[in-house]
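Engineer: coordinates only, sequence not included:
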């Protein structure tokens with residue numbers, strides 16, 4: 001038996017990963033990545049950079065992508081809870097402009113794999129959240145792209161109240177909609 005359950009989503013290549021958790025009265029142990037097992041389940045990539053962020057409730061980071069150096073990402077939450085989203089920006093894809101989302105938390109220990117060619121973002125649902133992710137390419141500051149978090153054409157169903165006012169970076173307040181996006185993969 002493998003140490004992970006790989007769940008396909010409605011968008012090809014995007015997967016939810018549930019690790020096997022071994023717990024007892026002392027705590028728990030789990031593997032968070034196995035190159036061999038991931039490759040056997042369609043995630044045959046090389047990760048080159050790990051990142052970590054901590055955010056407070058209401059922060060929405062994204063939707064981000066890199067244009068010339070697209071990154072595949074394996075994301076998870078160490079503390080707290082987020083709603084994590086991937087939007088397909090692969091122009092030739094039958095799911096172009098579609099999104100898939102998953103709640104990631106320290107409790108459920110789920111991971112989310114987002115291949116290259118997607119915009120990615122998350123909203124913090126708990127008081128704070130520590131978010132970690134592996135990337136398939138190094139971050140290149142001049143290569144950033146963004147997509148508006150609440151683009152009605154995409155229609156992401158963020159699990160927040162109707163009067164939700166996200167805490168966005170100044171850069172993210174200026175992201176274009178899909179119709180005005182000057183970049184696709």
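Structural biologist: Thanks, I have it. Source: prediction; values computed, not measured.

Engineer: which sections of the chain are below the confidence cut-off?
Structural biologist: 1 (pLDDT under 70).

Engineer: now what about the helix or strand residue 77 falls within, what contacts it?
Structural biologist: In this assignment (DSSP states H and E), residue 77 forms part of strand 73-79. For strand 73-79, contacts defined as C-beta atoms under 8 Å, 6 or more residues apart in numbering pick out 17, 32-33, 43, 47, 52, 54, 84, 104-106, 109-114, 120, 122, 128-136. C-beta here means a position set from N, CA and C on the backbone, and glycine is covered the same way.

Engineer: Contacts only, for the residue lying closest to residue 16 once chain neighbours are set aside.
Structural biologist: Leaving aside its sequence neighbours, residue 16 sits nearest to residue 7 (C-beta to C-beta, 6 or more residues apart in numbering; 4.2 Å). For residue 7, the contacting residues are 15, 16, 17, 18, by C-beta under 8 Å, 6+ apart.

Engineer: If we use 10 Å, what do you get?
Structural biologist: Each residue near residue 7 by C-beta atoms under 10 Å, 6 or more residues apart in numbering is listed here: 14, 15, 16, 17, 18, 41, 102, 110, 112.

Engineer: Generate a PyMOL selection restricted to the buried subset of the contacts of strand 73-79.
Structural biologist: In PyMOL, this line selects whichever of the contacts of strand 73-79 come out buried by 16 or more other C-beta atoms under 10 Å:
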select buried, resi 17+33+43+47+84+104+105+109+110+111+112+113+114+120+122+129+131+132+133+134+135+136
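
Engineer: my read: residue 32 touches residue 133, true?
Structural biologist: No. With contact defined as C-beta atoms under 10 Å, residue 32 does not reach residue 133; the gap is 11.1 Å.

Engineer: shared neighbours of those two, which are they?
Structural biologist: With C-beta under 10 Å, 6+ apart, residue 32 and residue 133 have common neighbours 74, 76, 111.

Engineer: re the thing from before, can you give me the buried ones in the strand holding residue 77?
Structural biologist: 73, 74, 75, 76, 77.

Engineer: After that strand, which helix or strand is next? Please name it.
Structural biologist: strand 81-88.

Engineer: before we move on, the earlier item: residue 33 versus the residue nearest to residue 16, what's the distance?
Structural biologist: Residue 7 sits 16 Å away from residue 33, going by C-beta to C-beta, to the nearest Å.

Engineer: wait, which of the shared contacts of residue 32 and residue 133 is closest to residue 162?
Structural biologist: residue 76 (28.9 Å; C-beta to C-beta).

Engineer: what is the closest one paired to in the beta sheet?
Structural biologist: residue 111, residue 132 (DSSP bridges).
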